[in-house]
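Undergrad: Sequence first, predicted coordinates after that:
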Amino acid sequence: MPSPRYFFNHFMPFTGYPYKGAPTACNLCGSAQSLTIAESDRRLKRLKSIACSQCGLIRTDPMPTPAELADYYATAYRADYQLAFAGGPPRVHLKRSAREAAARAELLAAKLKPGARVLDFGSGSGEFLAQARAKGCEAIGVEPGRDYANYARTHHGVEVLDDAGDERFPEAYFDVITTRHVLEHLRDPADVMERLSRWLKPDGVLFAAVPDMATKGKPPHERFHFAHVHGFVRETFDLTARRAGLVPHPDYAREDTTVVYAKTDAPPVELACPGLAARLAVELKPMPPGVFLASGAWLWPMIRRNAKAVRETFVTR
C-alpha cells in the first residue's frame, strides 16, 4: 500500500503536487502567450491550468518535466485514478474497458478485416487488441504501463510494446490506428498525432478520443486533474488533427472529442482559434476551492463516482 506521505501528496486539499516542472510553449501552435483557466483541480489541490492565447489548447503550468511525468506514471497514476494499488488492472477497469473495446470494434468494423494491420496506441489491458485479433487483424499495442501491458500479454496473448518512437514503424504501415484517452496525458500530443498520421495508410482511419473539457453537466473542478497535462475541446482537437494532415472522416459520426479521422491532401491551415482562450477562461473557471468546498457542490459528483465504481465492480452485466 502507498505510504501516508503518498496520500498527503496526491489527495490532501489546498496543497500542491510534488513536482517542480517548467514553463513551456504551446505544443500545438508554439505560442508562449496564455490565459489562466483554473488554479485548482477536482481534489481542490493547487494546480494551474492555462489556455494558449493563439489556439486555445489547455495545458498544465508549469508543465511536469519528462522525468517527473515518467516517475508519476511509474509510481502513482494507476493508484491515483483507478485505485490499482496491487499492480494489475482492477475489475472495474476491466469491465469498462471490455465494453468500450467492443463498441470501438463495432464502430470500425468495416476496416477491421482479416489481415488488416491495427495499432492501438495506449492499449492498456489489451481488450481492443483482443477484439481486433478475433476479427483476423494483425494487431499490436503500445503501452508504457508495465503492469497493464503484462496483463494484456498474459490474458489476451497480444503483442504489446513498451514504447514506439518515430522510427519504430515505416510510413503508411497501418490500416487502422486507435488512441483512446492517451493524448491528454502527453507533453507533446500534437507531435504524437503527427507520428500516428505518418504511420497511417492513405486510405486508413485513425480513431482518437480525449475527454472534452467543454462537456456539459460537469462542475468545472471535475475537469482538471494532474494526470491530464493537456485539455482539449472540439476546436483544438480538430486543429491538432489538422496539423497532422487529418480531418474528420465523413462516413463516421463523431461525439465531440471522440472522432474517426482520415488523411487529407488539403493545404495546411493557420494554427489559431481566435477568441477561444478567452471564452474558455470564462466557461471553465472553477469556484475558489474554499467556496466550492463550503457549497457542497462536490458531494453529488463524489457519490456518483463511488456508486458507479461499486456497481461496475460487483454487479455482473
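TA: Looks like it arrived, so ask away.

Undergrad: buried set for stretch 243-256?
TA: Using 16 or more other Cβ atoms under 10 Å as the test for burial, stretch 243-256 gives 243-246, 248-249, 252, 256. C-beta here means a position set from N, CA and C on the backbone, and glycine is covered the same way.

Undergrad: and what of stretch 191-202?
TA: Applying 16+ other Cβ under 10 Å to stretch 191-202 flags 192-197, 199-201 as buried.

Undergrad: Repeat that for stretch 19-36.
TA: 19, 21, 24, 26-29, 31, 34-35.

Undergrad: What mean pLDDT does it get?
TA: Averaging pLDDT along stretch 19-36 yields 97.

Undergrad: got it, and stretch 241-248?
TA: 98.

Undergrad: just for the stretch 151-300 of the chain, where's the confidence low?
TA: Scanning the stretch 151-300 of the chain for pLDDT under 70 picks out the ranges 289-290, 292-293, 295-300.

Undergrad: Tell me where this protein has helices.
TA: With DSSP state H, the ranges of helices along the chain come out as 4-11, 66-75, 77-82, 91-107, 127-134, 146-156, 189-199, 234-243, 276-283, 289-295, 299-314.

Undergrad: got CSV for those helices, with distance to Asp163 too?
TA: Formatted as CSV, these follow (distance: least, Cβ to Cβ, whole Å):
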stretch, distance to Asp163
helix 4-11, 25
helix 66-75, 11
helix 77-82, 16
helix 91-107, 21
helix 127-134, 16
helix 146-156, 10
helix 189-199, 12
helix 234-243, 21
helix 276-283, 32
helix 289-295, 37
helix 299-314, 30
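
Undergrad: Select, out of these, the one closest to Asp41.
TA: helix 289-295 (9.2 Å; Cβ to Cβ).

Undergrad: most residues in a single strand of the protein, which one?
TA: strand 200-209 (DSSP state E).

Undergrad: Just the residues contacting that strand, thanks.
TA: By Cβ atoms under 8 Å, 6 or more residues apart in numbering, the surrounding residues in contact with strand 200-209 are 104, 107-108, 111, 172-181, 183, 193, 196-197, 237, 241, 246, 249, 252, 257-263.

Undergrad: one more time with 6 Å, if that's ok
TA: Applying Cβ atoms under 6 Å, 6 or more residues apart in numbering, the contact partners of strand 200-209 are 111, 172, 174-180, 249, 258-263.

Undergrad: Asp203: neighbour count?
TA: Neighbourhood size, Asp203 [other Cβ atoms under 10 Å]: 10.

Undergrad: I'd like the distance between it and Thr178.
TA: Going from Asp203 to Thr178 by Cβ to Cβ, to the nearest Å gives 16 Å.

Undergrad: Phe121: which of the buried residues of stretch 243-256 is nearest?
TA: The closest of the buried residues of stretch 243-256, once distances to Phe121 are taken by Cβ to Cβ, is Ala244, at 13.0 Å.
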